[in-house]
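Chemist: just a sequence and a predicted model for now, questions to come.
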Amino acid sequence: QLLRRQLASELIFGCRLDSPTLSGALEVLNEALLNDIQAHYAHPDSKPYPSEEKQLLPSLAPYLDTLGLCSPLIKIYISTEPLDFLAHFLFLFALAMFTPLRYDATLSLLQPTDKKNPIDTTTLIIGLGTMLKQFHSGCTRTFVALLAQYVRCHVVVSARDPPKGNKPPLPAEVFNVLVLLRELCKFGYITRELVHQHLPPYNFDSLPC
């Protein structure tokens, strides 16, 4: 996925240099179609969906992929049957992988505490988000709800028994879960609105920008 994203960036950059007119026309056409589709879903009675008889959308997609004007991270590659408790499995997997980590403020990412066990957390987050994208959106919503419930439980416990001395208000594992949610939002796998349905925005105030 990271390689696809890098290749897409190289393609769009090279196309804008070598053929700015073509790339500009495709970008404008793509944006116009997206606006028409959004307008249709906002006002289905008055705004028609782009004509399927003209096959405009299927014809445009290969040009956009060749141009690099695509989002590999949020693309759905396979159709899958719903799996029971997949969100719960991914929730436990995320806790097992991310809670033992520590946050590096200099690099602005999570790093393993044990140098003998190197983990590329960015790749791990991308893989987790890509897997969620291949299944029904309900799986993603359940996954986010479970992570949010984990954070809320720790917030309640901390409020009842505040930490003493110079200890942080939230445990490190809760901080790591908030970082995970922030990174999933940054890469486009989930939206802030979805997270804020389960967690108030002030929970993210402790995170560095």
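Modeler: Received it, and whenever you're ready, just let me know what you need.

Chemist: tell me where the protein has helices.
Modeler: 2-18, 20-42, 56-67, 86-98, 121-133, 137-160, 172-186, 192-196 (DSSP state H).

Chemist: of those, which stretch is the most buried?
Modeler: Highest mean neighbour count among the helices of the chain (mean count of other CB atoms under 10 Å): helix 172-186, with a mean of 20. Backbone N, C-alpha and C define where each C-beta goes, glycine included.

Chemist: check contacts around the residue most central in space within the chain.
Modeler: The chain has Y189 as the residue nearest its centroid, 2.2 Å off, counting by CA atoms, centre = their mean. By CB atoms under 8 Å, 6 or more residues apart in numbering, the residues touching Y189 are 73-74, 129-130, 132-133, 140.

Chemist: hmm, back to that, would CSV of the helices of the chain with distance to A105 be doable?
Modeler: Supplementary listing: the helices of the chain in CSV, determined by distance: least, CB to CB, whole Å:
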stretch, distance to A105
helix 2-18, 23
helix 20-42, 37
helix 56-67, 37
helix 86-98, 17
helix 121-133, 14
helix 137-160, 20
helix 172-186, 11
helix 192-196, 22
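
Chemist: could I get those in TSV, plus columns for mean pLDDT and distance to Y49?
Modeler: Listed next are the helices of the chain as TSV, based on pLDDT from 0 to 100; distance: least, CB to CB, whole Å:
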stretch	mean pLDDT	distance to Y49
helix 2-18	81	27
helix 20-42	84	5
helix 56-67	81	10
helix 86-98	92	31
helix 121-133	88	24
helix 137-160	88	21
helix 172-186	88	29
helix 192-196	90	24
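
Chemist: so which of these is nearest S108?
Modeler: helix 172-186 (9.2 Å; CB to CB).

Chemist: could you give the angle of that closest one to helix 121-133?
Modeler: Calculated by axes from the mean of the first three to the mean of the last three CA atoms, to 10 degrees, helix 172-186 forms an angle of 60 degrees with helix 121-133.

Chemist: distance from the chain centre to helix 172-186, please.
Modeler: Relative to the centre of its chain, helix 172-186 is centred 11 Å away, using CA atoms, centre = their mean, to the nearest Å.

Chemist: stretch 125-136 now?
Modeler: That offset, for stretch 125-136, works out to 8 Å (CA atoms, centre = their mean).

Chemist: quick one on the thing from earlier: farthest-separated two in the contacts of Y189?
Modeler: Pairwise distances across the contacts of Y189 peak at 13.7 Å for L73 and T140 (criterion: CB to CB).
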